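**Student:** need coordinates for the below:
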Amino acid sequence: MAERVIPLVDQRIAALAARVPTHPVAPTGLLSDTLGRPLRDLRISVTDRCNFRCNYCMPKEVFDKDYPYLPHGALLSFEEITRLARLFLAHGVRKIRLTGGEPLLRKNLEELVAQLAQLRTVDGHAPDLTLTTNGSLLARKARALKEAGLNRVTVSLDGLDDAVFRRMNDVDFPVADVLTGIEAAHVAGLSQIKVNMVVKRGTNDHEILPMARHFRGTGTTLRFIEYMDVGATNGWRMDEVLPSAELIEHLRAKLPLVQLDPSSPGETAERWGYANAAGQHDPRLGEVGVISSVTQAFCHDCNRARLSTEGKLYLCLFATQGYDLRTLLRGGASDEAIASAIAPIWQQRNDRYSELRSSLPADTGGGARRVEMSYIGG
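**Tutor:** All right, here's what the predicted structure looks like:
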């Protein structure tokens with residue numbers, strides 16, 4: 001078989017300037033984009049490194065021992081991240097998610113959590129502070145993260161079969177250690193723990209039912225994510241996508257489910273609760289979710305912005321370019337100036353890649369490359 005050649009453009013180098021308007025305007029908490037979507041969710045990547053090499057995210061043939069990760073001095077400091085987060089909260093953000101790479105590889109991450117936990121939304125509430133992790137380091141970090149102020153945690157886990165999981169993470173990491181991390185999160189008191197499973201047809205789709213049975217009734221919500229065409233390195237093919245509708249029908253044949261209302265505006269997951277003998281949702285049994293960004297795009301109410309580990313603002317998971325906020329941070333710009341620069345970036349946003357995917361021309365490698373998921377988080 002011919003070797004797969006992966007065109008790779010380093011999106012960390014190029015960025016658009018974040019310009020300060022001539023007449024700065026104070027944030028009101030009511031920022032909306034061209035489609036009327038408010039800014040509510042900020043996802044912050046704290047590192048571009050990961051200790052897994054999942055082929056749908058950081059394939060080993062690209063992210064090898066010679067891959068040039070960002071130098072430490074290029075990364076935003078915890079104080080810089082907290083300063084930007086405060087400005088985003090002033091614009092209406094209510095939820096902050098820490099991502100990576102693998103965020104628990106960032107040394108002393110609980111110190112950042114503690115700083116963010118002291119911030120307040122425009123309504124005077126603490127932000128909903130959560131973190132996404134592969135779980136490999138969670139057992140040793142869960143208690144410190146909870147004590148620092150972390151509210152919730154989401155763990156990426158693509159199967160219970162150890163051979164399948166080791167093959168997917170491609171570093172021979174055992175599934176048992178991730179399960180231990182999930183249990184440690186429960187013991188530490190972290191609430192609403194979620195497990196995200198990326199489903200790739202022909203690779204781990206046989207793990208759907210075992211995963212559902214394992215987490216049913218445990219207090220952990222399992223969510224199935226359609227395999228997506230993020231970045232430029234994962235060799236995505238549509239025939240490897242298992243549509244969520246098909247997945248739910250498969251589950252319902254074995255485990256009765258009833259559809260639940262969204263938990264909040266802009267919620268990406270369609271929720272299904274386990275039903276009791278009367279056909280009603282039994283909260284003790286919990287629920288599952290499906291995230292269908294390929295077959296049922298949810299761009300119309302997407303309220304998420306993404307901040308890269310070195311301070312670039314991205315408006316979509318499938319973006320090709322970000323806006324440089326670090327230059328403003330390190331160039332002496334005031335809070336008023338930086339907040340004023342953020343506002344028009346969001347107000348001009350019109351991203352809706354997933355809704356347009358089927359009508360876009362085929363990617364032949366000649367155009368701008370989408371950023372890698374490992375760089376700006378999921």
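
**Student:** can you give me the strands for the stretch 101-250 of the chain?
**Tutor:** 128-133, 152-156, 191-199, 221-226 (DSSP state E, counting those that start in this stretch).

**Student:** before we move on, what about the stretch 251-378 of the chain?
**Tutor:** Counting by DSSP E, counting those that start in this stretch, the strands of the stretch 251-378 of the chain are 257-259, 270-274, 287-291, 304-307, 312-314, 323-324.

**Student:** shaky segments in this protein?
**Tutor:** For the chain, residues meeting the criterion pLDDT under 70 lie at 1-14, 228-236, 265-266, 298, 353-374, 378.

**Student:** I'd like the distance between the residue of the chain positioned farthest from its centre and residue 285.
**Tutor:** Farthest-out residue of the chain from its mean C-alpha position, per CA atoms, centre = their mean: residue 278, at 36.0 Å. Distance of residue 278 to residue 285, given as CB to CB, to the nearest Å: 13 Å. In this view, the C-beta of every residue, glycine as well, is placed from N, C-alpha and C.

**Student:** on that earlier part again, mean neighbour count, the strands of the stretch 251-378 of the chain: which tops it?
**Tutor:** Burial of those is given as mean neighbour count (mean count of other CB atoms under 10 Å); strand 312-314 ranks first at a mean of 25.

**Student:** bridging residues for the nearest residue to residue 131 once chain neighbours are set aside?
**Tutor:** Sequence neighbours aside, residue 98 is the residue nearest to residue 131 in space, at 4.4 Å (criterion: CB to CB, 6 or more residues apart in numbering). Here residue 98 sits in beta bridges with residue 44, residue 131, as judged by DSSP bridges.

**Student:** ok, residue 98 touching residue 105?
**Tutor:** No - between residue 98 and residue 105 there is no contact under CB atoms under 8 Å: 11.7 Å.

**Student:** more neighbours, these two?
**Tutor:** residue 98 (27 against 18; other CB atoms under 10 Å).

**Student:** quick one: residue 133 and residue 79, what's the gap?
**Tutor:** Distance from residue 133 to residue 79, by CB to CB: 23 Å.

**Student:** one more: residue 342?
**Tutor:** 18 Å.

**Student:** neighbour count: those two, which is higher?
**Tutor:** It is residue 342, of residue 342 and residue 79, that has more neighbours when counted by other CB under 10 Å, with 25 against 12.

**Student:** isn't that one up against residue 324?
**Tutor:** No - the pair residue 342 and residue 324 fails to qualify as a contact (CB under 8 Å) at a distance of 11.9 Å.

**Student:** residues that sit against both of these two, list them.
**Tutor:** residue 18 (CB atoms under 8 Å, 6 or more residues apart in numbering).

**Student:** for the stretch 151-300 of the chain, what spans make up the helices?
**Tutor:** Along the stretch 151-300 of the chain, counting by DSSP state H, counting those that start in this stretch, helices occupy 162-169, 175-188, 208-215, 244-252.

**Student:** contacting residues around the longest one?
**Tutor:** Right, helix 175-188. Contact with helix 175-188 is made by 133-140, 142-143, 145-146, 153, 155, 157, 159-162, 165-166, 193, 195, 219-220, as judged by CB under 8 Å, 6+ apart.

**Student:** show the buried residues in those residues.
**Tutor:** Buried subset of the contacts of helix 175-188 (neighbour count, 16 or more other CB atoms under 10 Å): 133-139, 142-143, 145-146, 153, 155, 157, 159-161, 165, 193, 195, 220.

**Student:** mind listing what the closest residue in space to residue 337 that isn't next to it in sequence touches?
**Tutor:** Counting by CB to CB, 6+ apart, residue 20 is the residue found nearest to residue 337 once chain neighbours are left out, at 4.6 Å. Counting by CB under 8 Å, 6+ apart, residue 20 makes contact with 328, 333, 337-338, 340-341.

**Student:** returning to that earlier point: which one of the helices of the stretch 151-300 of the chain lies closest to residue 302?
**Tutor:** helix 244-252 (17.1 Å; CB to CB).

**Student:** go through the closest one and flag the buried ones.
**Tutor:** Quick answer for helix 244-252 (16+ other CB under 10 Å): 244, 247-248, 251.

**Student:** helices and strands around that helix, which ones?
**Tutor:** helix 208-215, strand 221-226, strand 270-274, strand 287-291 (3 or more CB pairs under 8 Å, 6 or more residues apart in numbering; DSSP states H and E).

**Student:** what do you get if the cut-off is 10 Å, keeping everything else the same?
**Tutor:** helix 208-215, strand 221-226, strand 257-259, strand 270-274, strand 287-291 (3 or more CB pairs under 10 Å, 6 or more residues apart in numbering; DSSP states H and E).

**Student:** could I get these as CSV with distance to residue 302?
**Tutor:** Output for those, formatted as CSV (distance: least, CB to CB, whole Å):
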stretch, distance to residue 302
helix 208-215, 26
strand 221-226, 15
strand 257-259, 21
strand 270-274, 15
strand 287-291, 12
